[in-house]
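Asks: Okay, predicted coordinates and the sequence, questions at the end:
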Amino acid sequence: MAMHVRGLRLPDETEIELWIVDGRISTEPVAGADTLFDGGWILPGLVDAHCHVGLGQHGEIPLDEAVAQAEAERDVGALLLRDCGSPTDTRSLDDRHDLPRLIRAGKHLARPKRYSAGFSVELEDESQLPAAVAVEAQRGDGWIKLVGDWIDRSIGDLAPLWSDEVLKEAIDTAHAHGARVTAHVFSDEAMPGLIKAGIDCIEHGTGLTDDTIALMVEHKTVLVPTLINIVENFPNIADAATRYPTYAAHMRELYAGCPGRIAAAAEAGVPIYAGSDAGPMIAHGRIVDEVEALKGIGMSPTAALGAACWDARDWLGRPGLDHGASADLVCYAEDPRKGPSVLSQPDLVLLRGNTFRP
C-alpha cells in the first residue's frame, strides 16, 4: 500500500508532499495513498556522524547487543549512523530493514597499549599502517579510523602515534582504495601532521589552536567534536589518572578550553557535524543532546539541526527527501528546532518505508 505525508521541510521551510511506494520516496502523486502525516515538519532521518554500533566496554560484543544499540538510535529518529570504529562485524545488520543504515569505518588502527584494550587492531610497527589501512578499507563502508593520539605512559601525557611520513602514505593508500580517513585526536600535537597528510576528518579536536583551525580551513578538513562525551567524561578521565598527573592536568585543560575552541572553528568556517560518540561511555540514542551542545557553542538552531540531518547527509553522500531515495524520514507535529523535548520525540519514523511510532 502506498503512503503519503505532507508538511514543511527544512531548512527552506517550504511545504512538501511525499508518497512512499515499495520503501522509496516519490515526489509524484500516487492515487489511493494512505495519508500518515499531514501538517507538521518532515525531515530526512537524523544522522549520528560518530557512534559505535558493535562496541562495548571491553571491545567486541554479541550481535544482539549491537542490534539493541541500533534500535536505540532508530527510536529517536537517527536513521543514518557513521560507525566510527568497531571490533564487531555488524555487516549482517544491513539485511535488517528495521535498523538504521550503517556507514562503517572498520576497526580502529592503533599501536600496542596506545588505545583502549580490545578496541583496535594494534600494529607493532608504524610501517604496517598503510597495509592495515588497505585491509580495513575492504571491511568498512568508505571510511578508515585512525587513533591519532593517546596517552604514552613512557612520558605520562598525550602524544601522537604516527610519524608524518607514515600518515601521508597511509592516507594516500586509503584514498586510492576509495576511502576517507578520520582520526581520534585530543591534543594539538597530532593535528598538523594529520591535516597536512590530507586527512578528511578530525574527531573530538579538543586541542585546536588558531594555527590548526587555519590548517583545517585551508585543507577543507571536517570536524566532528562529540561535545557531550567531552563534557561528561573528560573530568572523570582526569580524576582517574592519578599515576599520570601531567596527563590529568592536560585533560582538564582541554576540557576547559573545548567550547571556545570548537566555537572558533565554527566561526572560521570549519565544517562541523554532529556525533554523540555513543558506545562504551555514552548511551546510544543521544544525538539530540549533541544538537543542543552545538547550539551551546553558538550554532543557530537550524545549523545545529542541519549538522545532524540534511547537511550531514550531503557530507556523507547519502540522499535526503529526494525522489527515488529510501523512505528514511522523521515527522514532527511541532518545529523540531524548538528544543530536545520535540526533537527527541518524533511523531512518526519511516525507515525503508516501514513505520515506527516511538
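Replies: All right, it came through fine.

Asks: from here on, contacts and neighbour counts on C-alpha atoms
Replies: Noted.

Asks: Show me where this structure has its helices.
Replies: Taking DSSP state H as the criterion, the chain contains helices spanning 63-75, 129-139, 164-176, 191-196, 210-219, 227-240, 245-268, 287-296, 301-306, 310-316, 340-343.

Asks: looking at the ones you listed, which is closest to residue 352?
Replies: helix 63-75 (11.7 Å; Cα to Cα).

Asks: May I see the domains of this structure written out as residue ranges?
Replies: By the assignment in the TED database, the chain contains the domains 3-43+319-356, 46-316.

Asks: sorry, back to before: closest one to residue 111 among the helices of the chain?
Replies: Closest among these, using Cα to Cα: helix 129-139, at 9.5 Å.

Asks: What are the buried residues along the closest one?
Replies: Neighbour-count burial for helix 129-139 flags 129-130, 132-139 (criterion: 16 or more other Cα atoms under 10 Å).

Asks: Can I get it in PDB? Just the C-alpha atoms.
Replies: In PDB, the C-alpha atoms belonging to helix 129-139 read as follows (Å, rounded to 0.1, in the frame of the first residue of the first chain):
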ATOM      1  CA  LEU A 129      49.900   1.200   8.900                       C
ATOM      2  CA  PRO A 130      49.400   1.600   5.100                       C
ATOM      3  CA  ALA A 131      48.800  -2.100   4.600                       C
ATOM      4  CA  ALA A 132      46.400  -2.200   7.600                       C
ATOM      5  CA  VAL A 133      44.500   0.700   6.000                       C
ATOM      6  CA  ALA A 134      44.200  -1.200   2.800                       C
ATOM      7  CA  VAL A 135      42.600  -4.200   4.800                       C
ATOM      8  CA  GLU A 136      40.200  -2.000   6.700                       C
ATOM      9  CA  ALA A 137      39.200  -0.200   3.500                       C
ATOM     10  CA  GLN A 138      37.700  -3.500   2.400                       C
ATOM     11  CA  ARG A 139      36.000  -4.100   5.700                       C
END
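
Asks: quick one: low-confidence parts of the stretch 251-358 of the chain?
Replies: Confidence mapping of the stretch 251-358 of the chain against pLDDT under 70 gives the ranges 358.

Asks: Give me the distance between residue 356 and residue 99.
Replies: Distance, residue 356 to residue 99, by Cα to Cα, to the nearest Å: 11 Å.

Asks: So between those two, which is more surrounded?
Replies: A direct count of neighbours by other Cα atoms under 10 Å for residue 356 and residue 99 places residue 99 higher, at 23 against 16.

Asks: and the more buried one, what does it touch?
Replies: Contacts for residue 99 (Cα atoms under 8 Å, 6 or more residues apart in numbering) come out as 67, 70-71, 74, 79, 93, 351.

Asks: what would these look like in TSV with neighbour count?
Replies: Shown next, in TSV, are the contacts of residue 99 (neighbours: other Cα atoms under 10 Å):
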residue	neighbour count
67	18
70	27
71	19
74	26
79	28
93	17
351	26
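
Asks: Next, count neighbours for the residue nearest to residue 357 when sequence neighbours are not counted.
Replies: Nearest residue to residue 357, sequence neighbours excluded (Cα to Cα, 6 or more residues apart in numbering): residue 348, at 5.1 Å. Residue 348 has 20 neighbours, counted by other Cα under 10 Å.

Asks: bridging residues for residue 348?
Replies: Residues in a beta bridge with residue 348, per DSSP bridges, are residue 331.

Asks: how about it, what does it touch?
Replies: Contacts of residue 348 by Cα under 8 Å, 6+ apart are 37, 330-332, 355-358.

Asks: Which of those residues has the largest number of neighbours?
Replies: residue 331 (30 neighbours).

Asks: longest single strand anywhere in this protein?
Replies: In terms of residue count, the longest strand belonging to the chain (DSSP state E) is strand 34-44.

Asks: Residues contacting it, please?
Replies: Residues from elsewhere that reach strand 34-44, judged by Cα under 8 Å, 6+ apart: 1-10, 309-310, 320-321, 328-336, 348.
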